[in-house]
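Novice: Pasting the sequence and the predicted model now:
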Amino acid sequence: MLPQKIKKRLEEQIAGVEHPRELVVDVMFALQEHYGYLSDKAVAEAAGLLGMTPVEIDELATFYTFVYRRPVGKYVIRVCDSVVCWLNGGQSVRDYLGGKLGIGDGQTTADGLFTLLPVCCIGYCDRAPAMLINKKVYGYLTPEKIDKILQKLKADALPKTE
Ligand code: FES
């Protein structure tokens, strides 16, 4: 169940619009942010909030690339596989990341930290090859740069000691 605070905020937003379904993406993202992905239970909750059917929510959820219907890692790495990145070594970046993490496209590392996915052009062509990790874009990727990025993300994911 969604915490009351999040539920109340969404209900207020929904009450403020004429057609609740116009907020379907916001609601899906809010639930995904809370649960980590849009489970069947979350789909049902979204449907209840918006006055839609779970099937309608599911159809939209599977349409949006950034809505996850299956569990993903803490960090979702999307390596651009469009033409400019491909011409600038995008495939090597994917291979390097896959080798380094020991996973292929669509897979998540055993520690639950990283999921690897392809993505179409993310508008960073002038800094190709590029990738997106959650909401942050990284360009001019090299193995050294990737190592540093992964190292930092792993360190950030460690529990903080006081
Ligand atoms: S082609 Fe990769 S960011 Fe545009």
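Specialist: On my side now, so go ahead.
Novice: For the rest of this, base every contact and every neighbour count on C-alpha atoms.
Specialist: Fine.
Novice: Give me the residues contacting the longest helix belonging to the chain.
Specialist: Secondary structure of the chain read by DSSP state H shows that its longest helix is helix 143-157. Applying Cα atoms under 8 Å, 6 or more residues apart in numbering, the contact partners of helix 143-157 are 93, 96-97, 113.
Novice: Same check on stretch 93-102?
Specialist: With contact meaning Cα under 8 Å, 6+ apart, stretch 93-102 is reached by 79, 104-105, 109, 114, 116, 129, 141-143, 146.
Novice: let's see it at 7 Å
Specialist: For stretch 93-102, contacts defined as Cα atoms under 7 Å, 6 or more residues apart in numbering pick out 79, 104, 109, 143.
Novice: Most neighbours of all those, which one?
Specialist: Neighbour tally across the contacts of stretch 93-102 (other Cα atoms under 10 Å): the maximum, 27 neighbours, falls on residue 79.
Novice: Is it correct that that one falls within a strand?
Specialist: Yes - counting by DSSP: H, G, I helix; E, B strand; the rest coil, residue 79 is found in a strand.
Novice: what's around the residue nearest to it when sequence neighbours are not counted, how many residues?
Specialist: In this structure, residue 79 finds its nearest non-sequential neighbour in residue 131, 4.3 Å apart by Cα to Cα, 6 or more residues apart in numbering. Using other Cα under 10 Å, residue 131 has 29 other residues around it.
Novice: Residue 138 is in contact with residue 131, correct?
Specialist: Yes - counting by Cα atoms under 7 Å, residue 138 is a contact partner of residue 131 at 5.4 Å.
Novice: Near the ligand, which residues of the chain are found?
Specialist: Neighbours of the ligand within the chain, by Cα under 6 Å from any ligand atom: 80, 82-85, 121-125, 128, 130.
Novice: wait, what's in contact with the residue nearest to residue 79?
Specialist: Residues in contact with residue 131 (Cα under 7 Å, 6+ apart) are 77-80, 137-139.
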